[in-house]
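K.L.:
any chance you can model this:
(chains A, B, C, D, E and F)
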Number of protein chains: 6
Amino acid sequence: MREKRKSGELRKIKITKGFINQPCASVLIEWGNTKVLCSATVEERVPPHVLGSGAGWVTAEYSMLPASTATRNQRDINKLKLSARSAEIQRLIGRSLRAAVDMKKLGERQITVDCDVLSADGGTRCASVTGGFIALALACKKLVADGVIEESPIINQVAAVSVGIVDGEVLCDLEYVEDSAAEVDMNVVMTDKGSFVELQGTGEHGVFADNELKKLISLAKAGLKKIFAMQKRVIEND
Amino acid sequence: MREKRKSGELRKIKITKGFINQPCASVLIEWGNTKVLCSATVEERVPPHVLGSGAGWVTAEYSMLPASTATRNQRDINKLKLSARSAEIQRLIGRSLRAAVDMKKLGERQITVDCDVLSADGGTRCASVTGGFIALALACKKLVADGVIEESPIINQVAAVSVGIVDGEVLCDLEYVEDSAAEVDMNVVMTDKGSFVELQGTGEHGVFADNELKKLISLAKAGLKKIFAMQKRVIEND
Amino acid sequence: MREKRKSGELRKIKITKGFINQPCASVLIEWGNTKVLCSATVEERVPPHVLGSGAGWVTAEYSMLPASTATRNQRDINKLKLSARSAEIQRLIGRSLRAAVDMKKLGERQITVDCDVLSADGGTRCASVTGGFIALALACKKLVADGVIEESPIINQVAAVSVGIVDGEVLCDLEYVEDSAAEVDMNVVMTDKGSFVELQGTGEHGVFADNELKKLISLAKAGLKKIFAMQKRVIEND
Amino acid sequence: MREKRKSGELRKIKITKGFINQPCASVLIEWGNTKVLCSATVEERVPPHVLGSGAGWVTAEYSMLPASTATRNQRDINKLKLSARSAEIQRLIGRSLRAAVDMKKLGERQITVDCDVLSADGGTRCASVTGGFIALALACKKLVADGVIEESPIINQVAAVSVGIVDGEVLCDLEYVEDSAAEVDMNVVMTDKGSFVELQGTGEHGVFADNELKKLISLAKAGLKKIFAMQKRVIEND
Amino acid sequence: MREKRKSGELRKIKITKGFINQPCASVLIEWGNTKVLCSATVEERVPPHVLGSGAGWVTAEYSMLPASTATRNQRDINKLKLSARSAEIQRLIGRSLRAAVDMKKLGERQITVDCDVLSADGGTRCASVTGGFIALALACKKLVADGVIEESPIINQVAAVSVGIVDGEVLCDLEYVEDSAAEVDMNVVMTDKGSFVELQGTGEHGVFADNELKKLISLAKAGLKKIFAMQKRVIEND
Amino acid sequence: MREKRKSGELRKIKITKGFINQPCASVLIEWGNTKVLCSATVEERVPPHVLGSGAGWVTAEYSMLPASTATRNQRDINKLKLSARSAEIQRLIGRSLRAAVDMKKLGERQITVDCDVLSADGGTRCASVTGGFIALALACKKLVADGVIEESPIINQVAAVSVGIVDGEVLCDLEYVEDSAAEVDMNVVMTDKGSFVELQGTGEHGVFADNELKKLISLAKAGLKKIFAMQKRVIEND
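P.N.:
Got it, this is the predicted structure:
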């Protein structure tokens, strides 16, 4: 555990753009010891529920490599079941990223954002949303540059951070040992304009009161401010 | 859609105890046109991660019957995949119900709460948490009555209600047509002592600001007050 | 076990029409402690083998809720396999119900009859055929009332009853404890005109002779007479 | 279709013992153009429900090779689902063969009878029961010869034949073209002492009356008489 | 194990044409105690990657019956997984057989060669390639005879043999006991013109040097010479 | 395609040790544009077939990330099937790596080498064997350093390279565009002492003669010489 860490302190975040070159855009996000490879692939097809509507779609998939965790976790395919945790997380990522996009401007095409966790040390879903947004934004820039669409469909920056209560103390950006000990764990997804996209607080090892909720949200907002600045820098220096 | 409904109005909730007689306890919860059969089964075994700890475990499963929705939905087994939505919801129900129980007092046994949606008209996850808690509490009463455990392990009442923003208006207990039109949709799980257990807000068709969050939570609390009273009545009149 | 029950005695059967309101027609059939929710859903599509023939199709699915049995049974999806017993039973229900329908009159549409066992105390397949027929007939009435088809495609009433030999005695309508102790177990599906649709006799814990077969069939016929009368009453009082 | 065939006529049945030499016993049964490889494997383990009871168990598996039918049928593993028809049939074979065995005399071991259809021309389930019984009996003889058990656990000969009504005429041993055209199709499994083990009649393309049932059973009995004589000859000449 | 066997000795190979009559062509290949049923089915459709190209496709499936091995092996469908070994082998068979065919001459149709191992005593993949080629060639002859295509698309004879190093000695055509003891195991697939199609050598229980590779290949070629002569005789005497 | 490349030229290989820190050892191998993350995890358990033998086991898993290829490939879990190609490749990697290890010296523990392809541009199986060996060797060094075993069980260096015939020309280390156009494609796995471990040559778009085999092997040996030197440097500089 980080020694003498400050309540609002974020771990170091490093973004490598174009880590792999097959998808439309990819970034490796390293957030402390957590590493997630986020790739955005554009396909000229849409799922049935938007077909013919003129609008596009954004979806996400999330998966952990077997060796990404302290104890090796078996591949989903060997159990023939998508991990329920992965299912829950990829739905969260998908909803979050869709809040960033004007689907009409995207046009009838789908962007799939794959978030593959290479190394897990807490905060993988927040790293996926944050890095996934960068990959998504870069892919949209490329679509504009390539003349596929006229104008970027990105309407908001979207990023996420975790906050929690550990030993009665409110902390931002929990790493794995903190997260497992947390009484309350909350993931906050926001836009750069300060609106909430997703708010998921859970008190499995405890419950939380109104004033704690207030503190958690305030800490998350402070952390996200720095994250939005970082995202902006990375995307604009493309 | 309910005409001229009031912002904080709840639909009618009806509980039938002992709807089926095989499990330790069962209730049929009818919440407007939503009907969920909640059953609590006690088994004298625990999952590996608590084995030997002296503590018990509570878990939940959630599933919709094919004819419960307006368009028939194919059974999971025919697709060979647990619906990702069901996976997400049953994890929420499980975490919520565990917040109600002192696992040490339960002892090394597992209670599985099955929430099978017979008819879906919005709010099925809140009906599952609310009805599931009643089944769980009744099962614990039975364990005490049967002399299996000395004291009930129930430490909190737990219930859930949905709130949302529809056409800019904050509403409590969304039915299906409201839910599909909602800009923001939030599920609030609380204890009868006023603490949060789970808070899941999502703004897929919009985002939400601080003051809206405040209003949503306040509305949810008002609704939950009535629901806790109803739960208490049902459990005590056993 | 029912004490001093008479050889030809049927348990009480109760039908609740419209138990859920999404499918075209639904009935809850309570047959002693057995409860099956039967829903008939109409879809404007047919399977490949009748496509383009002008004829429709009727199919059935059967499933037991996990808490419907004395020992909780795991969901099929958790084992990734349709229970072989369910597969066998839903094929029987499907064949039985198809004998009730003139497929040409139904036209190119499919009716799926879902039989979900909420509580199992013997005779679930017979309750499914008997209740499933009612749901099917009500759905056909609705299709006529809605002007979708001109004339009802129902050409026979179809119902089922179980008979068996327990401790050497021939009994009608076996409940679970009788069924598990039976030397011979037979399910008889007939039309209201007195013809056989399906006859499935099995002697796993014994074998049976010609004269026993005769007695079993005669007892089944007597039971079915009452069941046909009940079905007729329910369908006509719609 | 067989021209000018007589109502009670059986197709030619040929048995090749020891067609493969790995399992305890195997026979290739050729019944007209239907060919089924039946193997009996003995394993020194029993399923949980008889474990510790001192009794053994007999089970069966049934499968069709992809090229066994006129139109190639996809392998189950490619669809990730056991065919529902195979599930239904292997349950029938298992129940039938168990009626032949005194499980106490078999002792705590399991015999699995695999029935793999190499070529299908109607009557595959009857060929499986009939050939499967021979493999089972030969395996039991071998167990006695090898001193594993003292006395054969076989208490009945068990065989099966199909009968049906085609164009209003009652026929025994339907081949594929007859079977697909049959109004009524019945599989009769009996012991050599003249008792019924399984009786499965189905009238999907029609229904059947008491007198037809009587005729069908009488025809089946005549056919089975010849089949029992053949089985006996094969097993004794071992 | 074959006593005093010679290094280059092949086991006896017996081919039965038309063993089953549903597919376009079928052969039972008995190679020592190994028995594989090879069937070639022609379908008037092609997989997506050649659709519209005017060319056809040849593919293979390989599977072992449960009782084909000394210890009964569970069916793939019961494990819900295609055995990785079968996957590897059927890819090898498919590639090998495609080397025998001019896809343009075959035209837009697919030939599926099913290789089902009835009895396994080593060399099943080589028996599958060798017998599979005969089935494929006979199916092509039939397509020409039936006027479906003008000219046979067969451009090479293709056959396979295994060679290996057992106790330091180079042997051809390993049976099971030899194969399991082999330091090196190699499968050689060639055309009748002396070119290699597939060469798969593996030294799991040892490694092999250049001069051993040379000896193995030379032994394989000698064995294949006899096999090509046998294949030719069988196909021409059709 | 590399312009004016020389026949025996290798692409640049870069190894990053400790790319992720959860498994016992990990390397990122970048081979041209191909990137594979190889992790070696040690578990104190062995599979059933070596249990109690005192010997250990080495196994491998291979998988491609969805965005690693030019066209996004669907995850195995979404198709519920391990790709047959992956199955084939991971068996090859596992056999190759086992040739490097004295299982007795490893003792009753298992090392799983996960090879996850992040970016695919040809030669992923050779990169997996080559990088997988480094991860395996580093894990063994760590076991010795940690005092778990006394002496390293590594008895050979193992590496792989691909060779092929493209437009009639023999080339070493094929990248994707070359590989797809190759008449013959061969993967050569050797030890640093010059013995073959695996040799897999396939001529799907052509066949190959003896002299071509000779050239291919000679080219592979030259390439492997450089690769063994690189491996050695990386492992010793640990």
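
K.L.:
C-alpha only now, for contacts and for neighbours.
P.N.:
Fine.

K.L.:
any buried residues in stretch A:76-89, and which?
P.N.:
A:76-77, A:80-84, A:86-89 (16 or more other Cα atoms under 10 Å in any protein chain shown).

K.L.:
and which of those is nearest to residue E:196?
P.N.:
Nearest to residue E:196 among the buried residues of stretch A:76-89 is residue A:77, at 35.2 Å by Cα to Cα.

K.L.:
who's in contact with the closest one?
P.N.:
Residue A:77 sits next to F:76-77, F:80-82 when contact means Cα atoms under 8 Å, 6 or more residues apart in numbering or on different chains.

K.L.:
let me know the secondary structure of it.
P.N.:
Using DSSP: H, G, I helix; E, B strand; the rest coil, the structure places residue A:77 in helix.

K.L.:
so who does the closest residue to residue A:76 other than its chain neighbours touch?
P.N.:
In space, and not counting its chain neighbours, residue A:76 is closest to residue A:82: 5.4 Å by Cα to Cα, 6 or more residues apart in numbering or on different chains. Applying Cα under 8 Å, 6+ apart to residue A:82 gives the contacts A:76, F:77-78.

K.L.:
ok, longest helix in chain A?
P.N.:
helix A:210-236 (DSSP state H).

K.L.:
so what secondary structure elements neighbour that helix?
P.N.:
helix A:124-145, strand A:158-166, strand A:169-172, strand A:184-191 (3 or more Cα pairs under 8 Å, 6 or more residues apart in numbering or on different chains; DSSP states H and E).

K.L.:
got the buried residues for the shortest one?
P.N.:
Using 16+ other Cα under 10 Å as the burial criterion, the residues of strand A:169-172 that qualify are A:170-172.

K.L.:
what does the first one give?
P.N.:
In terms of neighbour count (16+ other Cα under 10 Å), helix A:124-145 has its buried residues at A:124-143.

K.L.:
of all the helices and strands packed on helix A:210-236, which lies closest to chain D?
P.N.:
helix A:124-145 (31.6 Å; Cα to the nearest Cα).

K.L.:
mind checking which residue lies nearest the centre of chain A?
P.N.:
residue A:129 (1.1 Å; Cα atoms, centre = their mean).

K.L.:
what sits against the residue in chain A that chain E sits nearest to?
P.N.:
Closest to chain E within chain A is residue A:80: 8.3 Å, counting by Cα to the nearest Cα. Neighbour list for residue A:80: F:77, F:80-81 [criterion: Cα under 8 Å, 6+ apart].

K.L.:
in JSON lines, list those residues along with pLDDT and distance to residue A:229.
P.N.:
Shown next, in JSON lines, are the contacts of residue A:80 (pLDDT from 0 to 100; distance: Cα to Cα, whole Å):
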{"residue": "F:77", "pLDDT": "94", "distance to residue A:229": "36"}
{"residue": "F:80", "pLDDT": "93", "distance to residue A:229": "41"}
{"residue": "F:81", "pLDDT": "94", "distance to residue A:229": "42"}
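
K.L.:
and the buried residues of stretch A:76-89 as CSV, adding secondary structure?
P.N.:
As requested, the buried residues of stretch A:76-89 are exported to CSV (three-state DSSP):
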residue, secondary structure
A:76, helix
A:77, helix
A:80, coil
A:81, coil
A:82, coil
A:83, coil
A:84, helix
A:86, helix
A:87, helix
A:88, helix
A:89, helix
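
K.L.:
got JSON lines for the helices and strands packed on helix A:210-236, with distance to residue C:183 too?
P.N.:
Formatted as JSON lines, the helices and strands packed on helix A:210-236 follow (distance: least, Cα to Cα, whole Å):
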{"stretch": "helix A:124-145", "distance to residue C:183": "58"}
{"stretch": "strand A:158-166", "distance to residue C:183": "62"}
{"stretch": "strand A:169-172", "distance to residue C:183": "67"}
{"stretch": "strand A:184-191", "distance to residue C:183": "58"}
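
K.L.:
any low-confidence regions in chain A?
P.N.:
Applying pLDDT under 70 to chain A picks out residues A:1-3, A:204.

K.L.:
up against chain B, what does it have?
P.N.:
Counting by Cα under 8 Å from any Cα of the partner chain, the residues of chain A close to chain B are A:81, A:84-85, A:87-88, A:91, A:95-96, A:98-99, A:194-210.

K.L.:
now, those that are in helices?
P.N.:
Those of the residues of chain A next to chain B lying in helices (DSSP H): A:84-85, A:87-88, A:91, A:95-96, A:98, A:210.

K.L.:
wait, what's in contact with the closest residue to residue A:57 other than its chain neighbours?
P.N.:
Distances taken as Cα to Cα, 6+ apart place residue A:110 nearest to residue A:57, at 4.7 Å, with adjacent residues excluded. Under the criterion of Cα under 8 Å, 6+ apart, the contact list for residue A:110 reads A:42-47, A:56-59.

K.L.:
residue A:71 too?
P.N.:
When contacts are counted by Cα under 8 Å, 6+ apart, residue A:71 touches residue F:22.

K.L.:
count the neighbours of residue A:8 for me.
P.N.:
17 (other Cα atoms under 10 Å in any protein chain shown).

K.L.:
doesn't residue A:75 make contact with residue A:83?
P.N.:
No - at 9.1 Å, residue A:83 and residue A:75 do not qualify as touching, with contact defined as Cα atoms under 8 Å.

K.L.:
residue at max distance from the center of chain A?
P.N.:
In chain A, residue A:52 marks the outermost C-alpha relative to the chain mean, sitting 29.1 Å out by Cα atoms, centre = their mean.

K.L.:
next, that residue: phi, psi?
P.N.:
Phi and psi for residue A:52, reported as degrees, to the nearest 10, are phi 80, psi 0.

K.L.:
gap between the closest residue to it other than its chain neighbours and residue A:100?
P.N.:
Closest residue to residue A:52 apart from its sequence neighbours, by Cα to Cα, 6+ apart: residue A:108 at 7.7 Å. Distance of residue A:108 to residue A:100, computed by Cα to Cα, to the nearest Å: 16 Å.
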